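K.L.:
from the sequence below, what's the structure:
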Amino acid sequence: FTKLGFDPVKDLAPVGGIGVTPTLLVAPKSLPAGNLKGLVQLSKQRPDGLSVSTAGYGLLQHLAVEEMAQRTGAKFVHVVYKGGAQAATDLIAARVDFGSFAAGSVIQFVKEGQLKPLAVVQETRSNLLPDVAAIAEQGLPGLDAGVHFMLYAPAATPKGVVSVLGGELNKIVGDPALKQRFAHIGYDPTALAPDAAAAIMRKTGEVWAPVIKRLNIKLD
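P.N.:
Predicted coordinates:
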């Protein structure tokens, strides 16, 4: 956003983490590829490459597949949807070759066997789908597209107040019942201190800003 109206780093005070949903690469059961290597090879064999769906232009899942293509030489054609529901429906019907989605959007389809997982786009495997190989162990390290959900307060909020809020938030996130519910809908709970949340926020910007600039993505 060139006209966002505020600076996320300067104008917000991170209170802590709520949860993270990893980005999953998923495909119809009919796709003749079962992992990242097969996906890349197949895209190079087909004259028009492979179509890849996401729930929206400029989302982290979109950036992830663009960066994958850049690093591997794969040919992916982005098919943009306005939301994950229709995108997942068309993917199950094999109208698109594969998709890049937040786990929360497709994990139930994976568990039910309607979609097959190809990779988790992060350094290590996810507790949500421990049998699915991370993209790093498939030969593409340094690419983490997990979507973090965090709680923020205005930047001017006293540190003592932020600390109290953070402590209470961590108690809630650490509740076993909430952890179970989060896992069911595709989220790993993340009990983060304010400093840790701020560090993740800064790193996310540092990692993905060059990709956004290279692709000239604007959401004004």
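K.L.:
helices along the protein, start to end?
P.N.:
Assigned by DSSP state H, the helices in the chain fall at 8-11, 36-45, 60-72, 84-92, 103-111, 159-173, 176-184, 194-215.
K.L.:
quick check: the gap between Gln86 and Ala102.
P.N.:
According to Cβ to Cβ, to the nearest Å, Gln86 stands 15 Å off from Ala102. Quick note: C-beta positions are derived from backbone N, CA and C, even for glycine.
K.L.:
swap in Gly56?
P.N.:
For Gly56, the distance to Ala102 - Cβ to Cβ - is 10 Å.
K.L.:
ok, those two, which is more surrounded?
P.N.:
Between Gly56 and Ala102, counting by other Cβ atoms under 10 Å, Ala102 is the more crowded of the two (23 against 15).
K.L.:
please name the residues that touch that one.
P.N.:
Applying Cβ atoms under 8 Å, 6 or more residues apart in numbering, we find Ala102 in contact with Thr21, Pro22, Thr23, Leu24, Ala55, Leu60, Gln61, Gly84, Val147, Gly186.
K.L.:
what's near enough to touch Thr190?
P.N.:
So Thr190 contacts Gly17, Ile18, Gly19, Val20, His148, Val173 (Cβ under 8 Å, 6+ apart).
K.L.:
what does the pLDDT read for it?
P.N.:
We have a pLDDT of 90 for Thr190.
K.L.:
repeat for Leu4
P.N.:
So Leu4 comes in at 87 (pLDDT).
K.L.:
only C-alpha atoms, please: export the longest strand along the chain in CSV.
P.N.:
Counting residues, the longest strand found in the chain (DSSP state E) is strand 12-21. Provided in CSV are the C-alpha atoms of strand 12-21 (Å, rounded to 0.1, in the frame of the first residue of the first chain):
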residue,chain,number,x,y,z
LEU,A,12,1.6,-0.1,16.7
ALA,A,13,2.8,-1.7,19.9
PRO,A,14,2.8,-5.6,19.6
VAL,A,15,1.2,-7.2,22.7
GLY,A,16,1.9,-10.8,21.7
GLY,A,17,1.1,-13.7,19.4
ILE,A,18,-2.2,-15.4,18.9
GLY,A,19,-1.5,-18.1,16.3
VAL,A,20,0.2,-18.8,13.0
THR,A,21,-1.3,-20.7,10.0
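K.L.:
the inter-axis angle of it versus helix 159-173?
P.N.:
10 degrees (axes from the mean of the first three to the mean of the last three Cα atoms, to 10 degrees).
K.L.:
okay, the angle between strand 12-21 and helix 194-215?
P.N.:
Counting by the same axes, to 10 degrees, strand 12-21 lies at 80 degrees to helix 194-215.
K.L.:
great, nothing more from me.
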